[in-house]
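K.L.:
below is the sequence, then the predicted model.
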Amino acid sequence: MHELPFVESVLKITMEQTEQAKAKRVVGVNLVIGDLASMVDESVQFYWDIVSEGTIAEGAKLHFKRLPAVFQCKDCGTKYQLDGQHLACPKCGSTRVSIVGGDEARLESIEVE
Ligand SMILES: [Zn+2]
């Protein structure tokens, strides 16, 4: 359950930005979530509805942009996206790989009125 702390930090940033912009209402929140971040859109929305209640972000629509998992081969340096079941490097076949993308979750932008 990573969604709640994530949603809380998103709301905090949203509030700071709307205060600076003197916005009256938040209508949309754009989130970027990697495929490896273990976050379920529905859960994020569920917690968002709870924590944003009573704030100017209440009722804001969440938009999810999914990022694919990206790996890098430790042997030849090739970066590649996971295709299906094959984790091994497509160039040299090595299985010594590290995750270089797709495990992040962040707030990209907000839409205000
Ligand atoms: Zn390789």
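P.N.:
Done, it's in.
K.L.:
how long is stretch 73-90 from one end to the other?
P.N.:
Distance between the two ends of stretch 73-90: 9 Å, counting by C-alpha to C-alpha, to the nearest Å.
K.L.:
and it, what's buried?
P.N.:
73, 80, 82, 89 (16 or more other C-beta atoms under 10 Å). In short, each C-beta sits where N, CA and C put it, glycine included.
K.L.:
now it: average pLDDT?
P.N.:
Regarding stretch 73-90, the rounded mean pLDDT is 88.
K.L.:
show me what from this protein comes close to the ion.
P.N.:
73, 75-76, 78, 89, 91-92, 94 (C-beta under 5 Å from the ion).
K.L.:
from the residues you listed, which land in strands?
P.N.:
Judged by DSSP state E, the subset of the residues of the chain next to the ion located in strands is Cys73.
K.L.:
verify the stated contact: Phe6 with Leu62.
P.N.:
No - counting by C-beta atoms under 8 Å, Phe6 stays clear of Leu62, with 11.5 Å between them.
K.L.:
between the two, what contacts are shared?
P.N.:
Val44 (C-beta atoms under 8 Å, 6 or more residues apart in numbering).
K.L.:
compare those two and say which is more crowded by neighbours.
P.N.:
Phe6 (21 against 16; other C-beta atoms under 10 Å).
K.L.:
nearest residue to that one in space, please, no chain neighbours.
P.N.:
Ala105 (5.5 Å; C-beta to C-beta, 6 or more residues apart in numbering).
K.L.:
may I have the longest helix anywhere in the chain as CSV, with CA atoms only?
P.N.:
In terms of residue count, the longest helix belonging to the chain (DSSP state H) is helix 3-21. Listed next in CSV are the C-alpha coordinates belonging to helix 3-21 (Å, rounded to 0.1, in the frame of the first residue of the first chain):
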residue,chain,number,x,y,z
GLU,A,3,-0.7,4.8,-2.6
LEU,A,4,-1.7,6.7,0.6
PRO,A,5,1.7,8.4,1.3
PHE,A,6,2.0,9.1,-2.4
VAL,A,7,-1.4,10.8,-2.6
GLU,A,8,-0.7,12.8,0.6
SER,A,9,2.5,14.2,-0.9
VAL,A,10,0.8,15.0,-4.2
LEU,A,11,-1.9,16.9,-2.3
LYS,A,12,0.7,18.8,-0.3
ILE,A,13,2.5,19.9,-3.4
THR,A,14,-0.9,20.7,-5.1
MET,A,15,-1.8,22.9,-2.1
GLU,A,16,1.5,24.8,-2.2
GLN,A,17,1.3,25.4,-5.9
THR,A,18,-2.4,26.6,-5.8
GLU,A,19,-1.6,28.9,-2.9
GLN,A,20,1.2,30.5,-4.9
ALA,A,21,-1.0,30.8,-8.0
